[in-house]
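>>> Turn this into a model:
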Amino acid sequence: MSPEDGRGPLIFVVFGPGGVGKGTLVARLLQMRENLWLSRSWTTRPRRPGEAEDAYVFTDRERFLARVQAGGFLEWTEFAGNGHLYGTPTLEAPEGDDVVLEIEVDGARQVKAAYPHAVLVLVATPSREVQAERLRARGDDEREVQRRLAVGEQEEDVGRKMAAHVVVNDDLERAAEEVAGIVDMHRKER
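Predicted coordinates:
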């Protein structure tokens, strides 16, 4: 895959702290626009109650690290505080599709270093209260919510400095339309 030569797919990196609604926003984007391929991230954390089986490739630490050693990830990180590993596998989009990555801030930084023309879209929440509600709704306990909020504040500051676009996820349909517009704009520029 060679997106940098203008012939390969565009890479859209939808990123932000935990609880900003990246997954929901990306799911809606994929319904709204054709020829987008979502790279499924890997993680060593257990599946949350009610979380889709295909939300990630759920694996153990040993298998994850073996893939790291084999060069099988575009980016990967160990999330501070809980020791879980997250990674984006090397990109293998179907011919004619552009790539969507739904990842955390550190992963976005790594992707941008590897693919300087990647389009970084930071997703932010309208408030810390909304972010906390979303974290609780997905099953995070109060200790994890508070840790995620503290880390999230720093991540958002870093993300704003490196993102080409910032989308506040205050209303799903409005935010999804905004991201779809970003996709359309970059496709036209290509």
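>>> contacts and neighbour counts: CA atoms only from here.
Will do.
>>> Which helix or strand in this structure has the lowest average pLDDT?
For the chain, counting by mean pLDDT, DSSP states H and E, strand 73-78 ranks last in confidence among helices and strands (a mean of 91).
>>> For that strand, which residues meet the burial criterion?
Neighbour-count burial for strand 73-78, with 16 or more other CA atoms under 10 Å as criterion, is recorded at 73-77.
>>> ok, then the element right after the lengthiest helix in the chain?
Once the chain is assigned using DSSP state H, the helix that runs over the most residues is helix 142-162. Per DSSP states H and E, helix 142-162 leads on to strand 165-168 as the next helix or strand towards the C-terminus.
>>> related to what we said a few turns ago, tell me how far the least confident helix or strand of the chain lies from the chain's centre.
12 Å (CA atoms, centre = their mean, to the nearest Å).
>>> Check what contacts that strand and list those residues.
The list of residues contacting strand 73-78 from outside it, by CA atoms under 8 Å, 6 or more residues apart in numbering, reads 67, 84-91, 106-107, 110-111, 114.
>>> Using CSV, write out the CA atom coordinates for it.
Coordinates of the C-alpha atoms in strand 73-78 are reproduced here as CSV (Å, rounded to 0.1, in the frame of the first residue of the first chain):
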residue,chain,number,x,y,z
PHE,A,73,1.3,-3.6,13.3
LEU,A,74,1.3,-0.1,11.8
GLU,A,75,1.2,1.2,15.3
TRP,A,76,0.8,-0.1,18.8
THR,A,77,0.8,1.1,22.3
GLU,A,78,0.4,0.0,25.9
